[in-house]
Structure formats: structure tokens, C-alpha cells
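S.K.: Sequence below, structure please.
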Amino acid sequence: MRFVFSLGGLLMAVALIGWLAKGQLSGRAAPAQVPGLSAPSDGAALPSGSPAAIQQQYRKALEDALQQPRSTQDP
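M.R.: Numbers count the residues shown, from 1 in each chain. As a prediction, the model looks like this:
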């Protein structure tokens, strides 16, 4: 009897995992764009340009920051 319940529980767990995986992998459509809704209005600027250009700008800013000399003030 214990074997039947164990097998039944295992089959139910596998079925549940399969059902959840099917729901995740089913390629659902992206949510529709709400009319009248635009970019954030809190003043946040969205990056423009290609991802490679943004990455290059970030690297240059990082290298410039690393090249600045440290202040020698002791607390």
C-alpha cells in the first residue's frame, strides 16, 4: 500500500512539474502596450544608442575614474 501511495505521489509531482514547465516554455505573448502610457515621468533618462556604444562609454568612464589620482588626505 505504501508503494502505491509513493508511486502516486511521485507521478503527481512529475505531472505538476511538467505542467508548470509547459506554462513557462509555451512562448506567451508579451503584455500589450497600454495606450497613453509612455516613458517614466520621474526624469529618468533612458539610454540611447546601440548596446556596444553604451558599453564603450561605460568602459571609458570607468577608465577615466580609475586614472584620477587619489587624494592623500588622512582622516
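
S.K.: what comes up buried for stretch 48-59?
M.R.: Within stretch 48-59, no residue counts as buried by 16 or more other CB atoms under 10 Å. In short, each C-beta sits where N, CA and C put it, glycine included.

S.K.: I'd like the mean pLDDT over that stretch, please.
M.R.: Average pLDDT, stretch 48-59: 88.

S.K.: CA atoms of that stretch as CSV?
M.R.: Output of stretch 48-59 as CSV, limited to C-alpha atoms (Å, rounded to 0.1, in the frame of the first residue of the first chain):
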residue,chain,number,x,y,z
SER,A,48,20.2,55.8,-26.3
GLY,A,49,22.4,54.2,-28.9
SER,A,50,23.5,50.6,-29.5
PRO,A,51,24.5,48.4,-26.6
ALA,A,52,28.1,48.3,-27.9
ALA,A,53,28.2,52.1,-27.8
ILE,A,54,26.8,52.2,-24.3
GLN,A,55,29.3,49.6,-23.2
GLN,A,56,32.2,51.6,-24.7
GLN,A,57,31.0,54.8,-22.9
TYR,A,58,30.9,52.9,-19.6
ARG,A,59,34.4,51.5,-20.1
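
S.K.: low pLDDT regions in this structure?
M.R.: Within the chain, the stretches with pLDDT under 70 are 27-47, 74-75.

S.K.: report the longest helix in it, please.
M.R.: Secondary structure of the chain per DSSP state H: the longest helix is helix 2-25.

S.K.: Can you give the contact residues for it?
M.R.: By CB atoms under 8 Å, 6 or more residues apart in numbering, no surrounding residue is in contact with helix 2-25.

S.K.: Now the element after that helix, going C-ward?
M.R.: Counting by DSSP states H and E, the next helix or strand C-terminal to helix 2-25 is helix 51-67.

S.K.: re earlier: can you show me the CA trace of the longest helix of the chain as PDB?
M.R.: Presented in PDB, the C-alpha positions along helix 2-25 are these (Å, rounded to 0.1, in the frame of the first residue of the first chain):
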ATOM      1  CA  ARG A   2       2.900   2.300   0.800                       C
ATOM      2  CA  PHE A   3       4.300   1.600  -2.600                       C
ATOM      3  CA  VAL A   4       1.100   2.700  -4.300                       C
ATOM      4  CA  PHE A   5       1.000   6.000  -2.500                       C
ATOM      5  CA  SER A   6       4.600   6.700  -3.100                       C
ATOM      6  CA  LEU A   7       4.200   6.000  -6.800                       C
ATOM      7  CA  GLY A   8       1.100   8.100  -7.000                       C
ATOM      8  CA  GLY A   9       2.800  11.000  -5.200                       C
ATOM      9  CA  LEU A  10       5.800  10.700  -7.500                       C
ATOM     10  CA  LEU A  11       3.600  10.700 -10.600                       C
ATOM     11  CA  MET A  12       1.600  13.700  -9.300                       C
ATOM     12  CA  ALA A  13       4.900  15.600  -8.600                       C
ATOM     13  CA  VAL A  14       6.200  14.900 -12.100                       C
ATOM     14  CA  ALA A  15       2.900  15.900 -13.700                       C
ATOM     15  CA  LEU A  16       2.800  19.100 -11.700                       C
ATOM     16  CA  ILE A  17       6.400  20.000 -12.700                       C
ATOM     17  CA  GLY A  18       5.600  19.100 -16.300                       C
ATOM     18  CA  TRP A  19       2.500  21.300 -16.300                       C
ATOM     19  CA  LEU A  20       4.500  24.300 -14.800                       C
ATOM     20  CA  ALA A  21       7.300  23.800 -17.300                       C
ATOM     21  CA  LYS A  22       4.900  23.700 -20.200                       C
ATOM     22  CA  GLY A  23       3.400  27.000 -18.900                       C
ATOM     23  CA  GLN A  24       6.800  28.700 -18.700                       C
ATOM     24  CA  LEU A  25       8.000  27.400 -22.100                       C
END
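
S.K.: No further questions, thank you.
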